[in-house]
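> Here is a sequence with its predicted model. Questions after.
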Amino acid sequence: MRKIFGLVLALALVAGACGGDSGPDPAEDPQGALQAALDRLGEYEGVTLTMSIAADTGSLVALGEGDLTEDNATKVVDSSITLSAKQSDGDAGSQFEMSANIAGIDNAVELKTVDNTFYLRADVQGLADAFGADTSQLDAFAQQAGAAPGFEFVGPALQGEWIGITGIDTAMEQLTGQQATPSEADQEAIKKFTDALGDAAEVTEGDKDGPGDNLVATVNLREAYSSLSEIAAGLAQIPGGGLPSEADVPDADIEVDTWVEDGNLTQVEFDLTQLAELGDDPLPEGVKELAFRITIDEFTDSVEAPDGAVEVDFQEIFQGLLGGATSGDTGTETAPTPSVPSDICDQLAASLEGQDQAVIDQVASQYEAECPDLADQVGGN
């Protein structure tokens, strides 16, 4: 059952996609109404998605088979993740923000990207209290970590302040040779994947309560997978280490609930208990309600940089973690530079194996004092 879990969730998110106006009456033409709503998504300036688990605590406790208490099950039910994103014109590029409500704590973790700066804040104290963690050592940790060059942000971060980190995209490209965002080819392949999936969907009227009219998309897993596997296999990277063979995909139908209101797709929900019928592992007794839910809305706001964020250079953090941070000739006393681990040169060489020579030379120059022979240890493409 776990082998196809990721595939089923992907189907659930776009099961009705076929490729506006408000569309036909859902009661009279469910298929046309859902198609029209999905077409309108493509016209949105941006999209906000809120993901959560729709379940009763008793079902979660039963699913945990002794590993999940009623209190922790309540925390799961009271948690959600909201993502907002849109593509911007000009040099600013795309905008993105995320907010996680955890165990009933609003905005427990927040992330933003603005002008290639990554902003992060977390309610560390609130989360620690909610999960019964010992907070007595936080101040000591903040003082110890903050004494190291480049890590002065630790104290403010533990106090729940915003941290603004620059240079993440550049560092990732240097170390991996890849961009942090999907290529245009990958994005086109994903679009073809969802378009092809929509051709396999049959839509009928449902009777569940929710934000609008309930429309049920029924998809045969094997038929959909057969038509999509060639496209999906062309993606540069597939999460989870690859796709299952067609023979491993059950020849069975699944149902995905969607809701349409005023011509807009407002919610998608997949009943996870259906998975028990697709594999050999039955759900534990007592699991009655368990679904993965996504609510959808248009995102028209702009993602703004938070005021007063503590600025952090990712390259400086990276060097500090590897023990290579230096104080520089500033004329002032700084905390001692951490010693370099004896095997750091071997670690760097392993991480650079197969990279372009330009990347190797750049990293080698940064760590010339610690690893003078680093460039000779690896070869570029």
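Looks like it arrived, so ask away.

> Number of residues surrounding I254?
21 (other CB atoms under 10 Å). Yep, even glycine has a C-beta here, placed from its N, CA and C like the rest.

> Run through the bridge partners of it.
Under DSSP bridges, the beta-bridge partners of I254 are V219.

> my guess is it contacts A217, does it?
No - with contact defined as CB atoms under 8 Å, I254 does not count as touching A217 (9.0 Å).

> Show me the strands in the stretch 1-150 of the chain, by range?
With strands called from DSSP state E, counting those that start in this stretch, the stretch 1-150 of the chain shows them at 46-55, 80-87, 94-102, 105-114, 117-122.

> Including mean pLDDT, could those strands go into CSV?
As requested, the strands of the stretch 1-150 of the chain are exported to CSV (pLDDT from 0 to 100):
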stretch, mean pLDDT
strand 46-55, 89
strand 80-87, 85
strand 94-102, 86
strand 105-114, 90
strand 117-122, 89
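
> so where's the stretch 151-300 of the chain shaky on pLDDT?
Along the stretch 151-300 of the chain, the parts satisfying pLDDT under 70 run over 168-201, 224-244, 279-280.

> Could you rerun that using 50?
171-183, 186, 235-241 (pLDDT under 50).

> Would you state the strands of it in chain order?
Under DSSP E, counting those that start in this stretch, the stretch 151-300 of the chain gives strands at 163-166, 202-205, 213-220, 253-261, 264-271, 290-298.

> out of those, nearest to Q377?
Evaluated with CB to CB, those place strand 163-166 nearest to Q377, the distance being 29.5 Å.

> The closest one packs against which elements?
Counting contacts by 3 or more CB pairs under 8 Å, 6 or more residues apart in numbering; DSSP states H and E, strand 163-166 packs against strand 117-122, strand 310-313, helix 314-321.

> which outside residues touch that strand?
116-121, 153, 156-157, 305-306, 309-314, 317 (CB atoms under 8 Å, 6 or more residues apart in numbering).

> which of those residues are buried?
Listed as buried from the contacts of strand 163-166 are 117-121, 153, 156-157, 309-310, 312, 314, 317; burial here means 16 or more other CB atoms under 10 Å.

> Not counting its neighbours along the chain, what's nearest L49?
Of all residues not flanking L49 in the chain, L83 sits nearest, at 4.9 Å (CB to CB, 6 or more residues apart in numbering).

> tell me the contacts of the one you found?
So L83 contacts T48, L49, T50, M51, F96, E97, M98 (CB under 8 Å, 6+ apart).

> List the contacts of the third one.
Going back to what we said before, that points to T50. S80, I81, T82, L83, I294, T295.

> again, 6 Å this time
With contact taken as CB atoms under 6 Å, 6 or more residues apart in numbering, T50 is in contact with S80, T82, T295.

> Tell me how far it lies from T57.
Per CB to CB, to the nearest Å, T50 is found 20 Å from T57.

> Pick the most deeply packed of the strands of the stretch 1-150 of the chain.
strand 117-122 (a mean of 20; mean count of other CB atoms under 10 Å).

> Can you give the strand pairings for that strand, parallel or anti for each?
As assigned by DSSP bridges, strand 117-122 forms pairs with strand 105-114 (antiparallel), strand 163-166 (antiparallel).

> could you dump these to CSV with distance to G66?
Output for those, formatted as CSV (distance: least, CB to CB, whole Å):
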stretch, distance to G66
strand 105-114, 26
strand 163-166, 38
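
> Which among the ones you listed is found nearest to G210?
Between the strands paired with strand 117-122, strand 105-114 lies closest to G210; by CB to CB that is 22.8 Å.

> now that closest one against strand 80-87, angle please.
Following axes from the mean of the first three to the mean of the last three CA atoms, to 10 degrees, one obtains 20 degrees for the angle between strand 105-114 and strand 80-87.

> who touches strand 105-114?
96-100, 102, 119-123, 126-127, 303, 305.

> Considering the residues you listed, which is situated nearest to A73?
Among the contacts of strand 105-114, and counting by CB to CB, the member closest to A73 is I102, at 14.0 Å.

> Show me the beta-bridge partners of the closest one.
I105.

> pretty sure it contacts S79?
Yes - using CB atoms under 6 Å, I102 makes contact with S79 at a distance of 5.0 Å.

> and the residue nearest to L49, how far is that from V287?
On the measure of CB to CB, L83 and V287 end up 28 Å apart.

> same deal with E311?
From E311 to V287 the distance is 48 Å (CB to CB).

> and if you look at T266?
From T266 across to V287, the span is 27 Å (CB to CB).

> And for E223?
28 Å.

> more neighbours, the two?
Set side by side, E223 and V287 show more neighbours around V287, with 20 against 14, by other CB under 10 Å.

> For that one, which residues are in contact?
By CB under 6 Å, 6+ apart, the residues touching V287 are S59, A62, L63.

> please redo it, this time with the cut-off set to 10 Å
A55, D56, G58, S59, L60, V61, A62, L63, G64, L272, T273, A276 (CB atoms under 10 Å, 6 or more residues apart in numbering).

> Among those, name the buried ones.
By 16+ other CB under 10 Å, the contacts of V287 give A55, S59, L60, V61, A62, L63, L272, T273 as buried.

> can you put these in TSV and add distance to W162?
Output for these, formatted as TSV (distance: CB to CB, whole Å):
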residue	distance to W162
A55	33
S59	37
L60	33
V61	37
A62	40
L63	36
L272	35
T273	40
